[in-house]
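Novice: Prediction below, plus the sequence it came from.
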Amino acid sequence: MNEKILNIDFQKQLILFLSADLSGSTLYKYKMDITHWIKLLHNFYTNFVKEFKNFFENKTKLEKVKGNFEVNKIDVWKILGDEIIFKTAIVDINSIPVLIESFKRIVELYNKKSSSGS
């Protein structure tokens, strides 16, 4: 549904935001040398985003093939310090549990990988 305000068309949407950050990062930042800190942040920004998007795309392709629901793509909306905020428009209410479960799963996998040092 669109709404016109000041001759501008606005489309009403339901938007889901998902956020991930490095827990305890302030403490880590002061304990490690700067090159290690930069490497850690770079790894988080690139690998976490890539892994989440890949997992999400594979999961939603499977759901689409099953005919369960349609899903928009999910993108990084903002990066604030050590926090990554993802954004997606909800096109089917049934996609919300899959979106959240995919995100939760990647956070768990990323944490496991990070704690094992790989």
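Specialist: Yes, it's here.

Novice: Assign the spatially most central residue of the chain to helix, strand or coil.
Specialist: The centre of the chain sits closest to residue 86, judged by C-alpha atoms, centre = their mean, with a distance of 4.1 Å. When classified by DSSP: H, G, I helix; E, B strand; the rest coil, residue 86 comes out as strand.

Novice: bridging residues for it?
Specialist: Beta-bridge pairing for residue 86 (DSSP bridges): residue 18, residue 76.

Novice: mind checking how far residue 90 is from residue 75?
Specialist: Residue 90 sits 14 Å away from residue 75, going by C-beta to C-beta, to the nearest Å. All C-beta atoms are positioned from the backbone trio N, CA, C, and that covers glycine.

Novice: correct me, but residue 25 touches residue 80?
Specialist: No - here residue 25 lies out of contact with residue 80, judged by C-beta atoms under 8 Å, at a distance of 11.8 Å.

Novice: gap between residue 50 and residue 30?
Specialist: For residue 50, the distance to residue 30 (C-beta to C-beta) stands at 28 Å.

Novice: Could you do residue 58 as well?
Specialist: 38 Å.

Novice: any idea how far the longest helix along the chain is from the chain center?
Specialist: As assigned by DSSP state H, the longest helix anywhere in the chain is helix 96-116. Averaged C-alpha coordinates place helix 96-116 at 10 Å from its chain's average position (C-alpha atoms, centre = their mean, to the nearest Å).
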